[in-house]
Each structure stands twice: as structure tokens, then as C-alpha cells.
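Student: Mind looking at a prediction? Sequence and model below.
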Amino acid sequence: MNFVDNTTDLPGLPVLRPGDPGYDERLTGFQTGFAPRPGVVVAASGAQDVVAAVRYAARADLPVDVQATGHGRPGPAEGGVLITTRDMDTVRVDPGARTVRVEAGVRWGQVVAAAEQYGLAPLNGSSPGVGAVSYTLGGGLGILGREFGYAADHVRSLDVVTADGRLRHVTPDAELYWALLGAGHAFGVVTALEIGLVPVTRLYGGAVSFDGREVEPAAVLRAYEEWTRTVPDGLTSSFAAVPYPDTPGLPPHLRGRYVISVHVAYTGADGERITAPLREIGPVLADSLRVMPYGESHTVHSDPDVPHAYYGDNAVLSELDLTGAAELLSCTAPDAGGPMCVVSVAHLGGALARPAPNAVPHRDGRFMARVLTVADRGTASRITDRALAPLAPVTLGRSLNFVLGAGERTEGLYDSRTRERLAGLKSQYDPASLFRRNYPLITAGTTR
């Protein structure tokens, strides 16, 4: 690693340039489908490193992007400055205040482990390897979302370096607070969050799975949609259709199967009774529903932890059009002849529908459909567009956290009122568009 001591460059900072040992390793994240080539990589170890990197980029008129774990879509850092925050990984729990302070490189698994010893839990997502900060800035649709809302709804304060090179402590009384929680990376580099925790120590969760060649996937989805009408607001669930390859590393009951599952997370005491109808849908391939300590919450979805290339898109829906959803499943099924696709349908509503002082949009959505594929990027765009098209009549928009590089379409990410307010704040805090990752998302139209 080079330490640049030229006062006109990046004095004393850990800097990597193309060709330097460690440059390629610093660019490696969970998402391997993109190969950004920034002109400068700053391996930040603290907020002041971020301040210096942003001031340098502003002087040189270079775009800035930031990467922690690399699960999402990278921004336009070609030839610019990429700030990596993986070394900023401090987690500090205040059990009395029921809060946790997390730095920009922290992963959710760290937060869950730190909070669990105090009988508390964060509003984390399904994968323990996802970065806590970027997830929250995009809204944060977690496994307990219907009970507690979005992770963004529980943020107490943020520390952010804005385009003028200032480190600001932002609280709910500031308009910048509203904008960061919903459009985060467009407004600066968030170096730390203070987040409220919830008093949860255990949950009833897991999945009931079926063989997609023994039961009709669309019939399972129809039964699932009917079941969601009966559940309490505190129960969060989703449907998934996953074709597994026939590889030795997988459990025998998954190898080579098209697995249709319903995933559940619930803190109530009557989970067994509420979920009993799921087992009556058809012959059960696997059933992992159980009472578990919150530290095992990642097993509800058991997301893959091996880095790979993937692309995807989503649609937030006013209702679940079962005819359109059946078409989605048909064109993404293993026998459709295309590349491997994963389809999921998340049940929204409950606390996710409550208003909050942030820019997270589409809170009136009742479901969200997602399509992921391992096809190449161009093919992925065609697949996701075709798969989600039958749901267009009931589509309200799209969720920023699940736009995963399948295409460059930016419509639908914000309603017009939110977009206009964001654009005004963008002009105020970053008039030169130093942080370019989400700027087009703020100015684009809203319809699919």
C-alpha cells in the first residue's frame, strides 16, 4: 500500500492506484459482476480519512463512490475516487438507550452478535454479510419489517461527509437526515449511524419448502397470498422459487431441485398455529420452522455466502395480481429454457406502511416481487423486464436496495414529490454532483 505524502494529493492516507499490490483485492466484494477501475482507492480507517479523500476529489473534480462489503451495484467510479470502508468496523451498543453505533464498514452479523448479549436486536436483513450502513440508507427491508418498519425508520443520527468536505452530525430535525435515509449515497459518505434497537431475543422462523416439480409453483403462490390475508401485522414472510444446481456442495434435499418455499419470521408466541396452513399446501420437502434465538435469524433465508455475479430488479405492488405472477413464474422456471432465475415475493404492509421522516418511498405497497439471475448483464436486463412486465398494472414503483444492475432504467424509484424534494437538496449539498451514484435516480421519471 502506498502512503502518499504530497500535500497536493492525499497526504498520509493509505492509497492504492491501478497496478499497485492490493489494488484489485480492495475492489473485490460480494458482487463480482462488475469490475470498477477507479483512479484512486482510499482505504479509509476513520472519518478523517474520508474527509481528506472527499476534499481531494472535489479539488480534482473526480467522482466519488464508496464500498463497504460490495453487495450492491457500484457507482460510476471509473477513473475517480473509490473510498473503501471495510476497515471502519467498530460496533458500540448502549443497552440503556437501546441504541447501537455502527461505522461504515460494519456488517449486520456483527451488530446482531453485539446486541444479542443485551436482549436486543437490530432491524437487519436476511444476510449477515450485508453492510449495515448502505442497507439502511436504501430503506432496509428486514426480516421483522412488518412488525417494526424499515431500518431507516429507527435511525437516531448519522455522521456524513458532504461534498464540501465537512463532517456533519445529522439528526432528525435536519432536511439532510430525511434525504440520506432513502437516497443516501447521492448526498455524501456516511461514516457512522446511530440506530435504535428492539427488545427481541427469540423468534419463530424458518421455511416450509416444496418440490416445484411435484406442486405447481403458481398454486403455492396463490395459497400463500390467501394465507397472508389472515396473519397478524407482526408476522413477516416471503415466497421464493429457487432452482438449485445439481452440485455436491448442496444438501441432498436441494440438489437439482426446483424449490418453492415460504419463509417466516415472527416474534409472537402462536407461530406454530398461524403457520399450520402452510404445511397443508402440498407434500412438504423440508420444514425448518422453529423457535430460535435471534442470533440464528440468518437461517430463516440461509442466503448464499459465496461471492458471485448476479443482477436483478423488483416491483413494489399495490396488490398481488396472481395471473401476472403466474406468468412471471412461468417465464423464469427451469423448464423455460433460460438462465437460472430466482423469484421472490415479499409481503409488505404492517409497520412498513407507517409514515416516517425519511425519503423511503412506496409505503402503500402490499407486496414486492423480485427477480435475480446469474445471466450476463445484457441478458439479465431482458429477463427481468420481461418477467416483471405482467405485473405492470399493479406496480407502484421500485425499491432502491433491490435494483441490482440488470439495466440502467431509473424510473419508479421515487414518487414525483419525493424526487423533486431530493433534487432540491442535491442542488444545495452537492451542486457539482461529486457523488454521482444515485443522482440520475433523483432526476429521472417515476413510471416503469
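Tutor: On my side now, so go ahead. Just so it is clear, the structure is predicted and the values come from calculations on it, not from any experiment.

Student: okay, CA-based contacts and neighbour counts for the rest of this
Tutor: Noted.

Student: quick one: least confident helix or strand in this protein?
Tutor: Sorting the helices and strands of the chain by mean pLDDT, DSSP states H and E puts strand 2-4 at the bottom, at a mean of 46.

Student: continuing past it, what's the next helix or strand?
Tutor: Helices and strands here follow DSSP states H and E; after strand 2-4, the next one along the chain is strand 13-16.

Student: Output the contacting helices and strands for that next one.
Tutor: When contacts are defined as 3 or more C-alpha pairs under 8 Å, 6 or more residues apart in numbering; DSSP states H and E, strand 13-16 packs onto strand 2-4, strand 40-43.

Student: Report how many residues lie close to the closest residue to residue 126 other than its chain neighbours.
Tutor: Spatial nearest neighbour of residue 126, excluding adjacent residues (C-alpha to C-alpha, 6 or more residues apart in numbering): residue 298 at 5.5 Å. Number of residues near residue 298 (other C-alpha atoms under 10 Å) recorded here: 21.

Student: With residue 20 instead?
Tutor: By other C-alpha under 10 Å, the residues close to residue 20 number 11.

Student: cool, and residue 163?
Tutor: For residue 163, using other C-alpha under 10 Å, the count is 24.

Student: And for residue 89?
Tutor: 18.

Student: and it, what does it touch?
Tutor: Residue 89 makes contacts with 102, 103, 104, 105, 106, 107, as judged by C-alpha atoms under 8 Å, 6 or more residues apart in numbering.

Student: same thing but 6 Å
Tutor: By C-alpha atoms under 6 Å, 6 or more residues apart in numbering, the residues touching residue 89 are 103, 105, 106.

Student: Next, it: phi, psi?
Tutor: Residue 89 adopts backbone torsions of phi -130, psi 30, taken as degrees, to the nearest 10.

Student: Return the distance of it relative to residue 122.
Tutor: Residue 89 sits 16 Å away from residue 122, going by C-alpha to C-alpha, to the nearest Å.

Student: and if you look at residue 284?
Tutor: Look at residue 284 and residue 122: by C-alpha to C-alpha, they are 32 Å apart.

Student: These two: which is more packed in?
Tutor: Neighbours were counted for residue 284 and for residue 122 using other C-alpha under 10 Å; residue 122 has more, 27 against 17.

Student: Leaving aside the residues adjacent along the chain, what's closest to the more buried one?
Tutor: Distance criterion C-alpha to C-alpha, 6+ apart; nearest residue to residue 122, sequence neighbours excluded, is residue 197 at 4.9 Å.

Student: Residue 86: neighbour count?
Tutor: Neighbours of residue 86 under the rule other C-alpha under 10 Å: 20.

Student: distance of it from residue 27?
Tutor: Taking C-alpha to C-alpha as the measure, residue 86 falls 11 Å from residue 27.

Student: neighbouring contacts of stretch 56-75?
Tutor: Stretch 56-75 has contacts (C-alpha under 6 Å, 6+ apart) with 29-31, 77, 80-86, 105, 131, 404-405, 434-435, 437.

Student: Sorry, slip of the keys, the one I care about is stretch 106-118.
Tutor: Applying C-alpha under 6 Å, 6+ apart, the set of residues contacting stretch 106-118 is 89, 121, 128, 129, 130, 131, 132.

Student: Around the second one, count how many other residues there are.
Tutor: Residue 121 is flanked by 25 other residues according to other C-alpha under 10 Å.

Student: Show me what the closest residue to residue 64 other than its chain neighbours is bridged to.
Tutor: The shortest distance from residue 64 to any non-neighbouring residue, by C-alpha to C-alpha, 6+ apart, is to residue 81 (4.9 Å). Following DSSP bridges, residue 81 is listed with bridge partners residue 40, residue 64.

Student: okay, now residue 81: neighbour count?
Tutor: Residues near residue 81, counting by other C-alpha under 10 Å: 25.

Student: Surely it and residue 40 touch.
Tutor: Yes. Between residue 81 and residue 40 there is a contact at 4.9 Å, judged by C-alpha atoms under 6 Å.

Student: check contacts around residue 156.
Tutor: Applying C-alpha under 6 Å, 6+ apart to residue 156 gives the contacts 194, 195.

Student: from now on call the first residue 869
Tutor: From this message on, residue numbering opens at 869, which makes the last subject residue 1024.

Student: Please save the CA atoms from the helix or strand hosting it in PDB.
Tutor: Residue 1024 is located in strand 1023-1029, with elements delineated by DSSP H and E. Output in PDB follows, covering the C-alpha atoms of strand 1023-1029 (Å, rounded to 0.1, in the frame of the first residue of the first chain):
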ATOM      1  CA  VAL A1023     -32.000   5.800  12.800                       C
ATOM      2  CA  ARG A1024     -31.300   8.300  15.500                       C
ATOM      3  CA  SER A1025     -28.400  10.200  13.800                       C
ATOM      4  CA  LEU A1026     -25.900  10.000  11.000                       C
ATOM      5  CA  ASP A1027     -22.300  11.200  10.600                       C
ATOM      6  CA  VAL A1028     -21.700  12.100   6.900                       C
ATOM      7  CA  VAL A1029     -19.000  13.800   4.900                       C
END
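
Student: Return the helix or strand that comes right after it as PDB; C-alpha atoms alone will do.
Tutor: Note on strand 1023-1029: by DSSP H and E, the next helix or strand toward the C-terminus is strand 1035-1038. Extracted as PDB, the C-alpha positions of strand 1035-1038 are listed here (Å, rounded to 0.1, in the frame of the first residue of the first chain):
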ATOM      1  CA  LEU A1035     -18.100  16.000   8.600                       C
ATOM      2  CA  ARG A1036     -21.600  16.700   9.700                       C
ATOM      3  CA  HIS A1037     -23.600  15.100  12.600                       C
ATOM      4  CA  VAL A1038     -27.100  14.900  11.200                       C
END
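
Student: ok, back up a step: between the contacts of stretch 974-986, which has the most around it?
Tutor: Among the contacts of stretch 974-986, the one with the most neighbours (other C-alpha under 10 Å) is residue 1000, at 29 neighbours.

Student: how about that one, what does it touch?
Tutor: 974, 975, 976.

Student: and what of residue 1268?
Tutor: residue 1006 are the contacts of residue 1268 under C-alpha under 6 Å, 6+ apart.

Student: swap the cut-off to 10 Å and go again
Tutor: By C-alpha atoms under 10 Å, 6 or more residues apart in numbering, the contact set of residue 1268 is 1003, 1005-1008, 1050-1051, 1181-1182, 1228-1229, 1278, 1280-1282, 1306, 1309.

Student: And the contacts of stretch 974-986, which two are furthest apart?
Tutor: Pairwise distances among the contacts of stretch 974-986 were taken by C-alpha to C-alpha; the largest, 18.0 Å, belongs to 957 and 989.

Student: for the stretch 869-1018 of the chain, what spans make up the helices?
Tutor: Using DSSP state H, counting those that start in this stretch, the helices of the stretch 869-1018 of the chain run over residues 891-895, 915-928, 976-984, 1000-1005, 1013-1016.

Student: May I see these organised as TSV, with mean pLDDT and distance to residue 1292 added?
Tutor: Below are the helices of the stretch 869-1018 of the chain laid out as TSV (pLDDT from 0 to 100; distance: least, C-alpha to C-alpha, whole Å):
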stretch	mean pLDDT	distance to residue 1292
helix 891-895	89	32
helix 915-928	95	20
helix 976-984	98	32
helix 1000-1005	96	19
helix 1013-1016	98	30
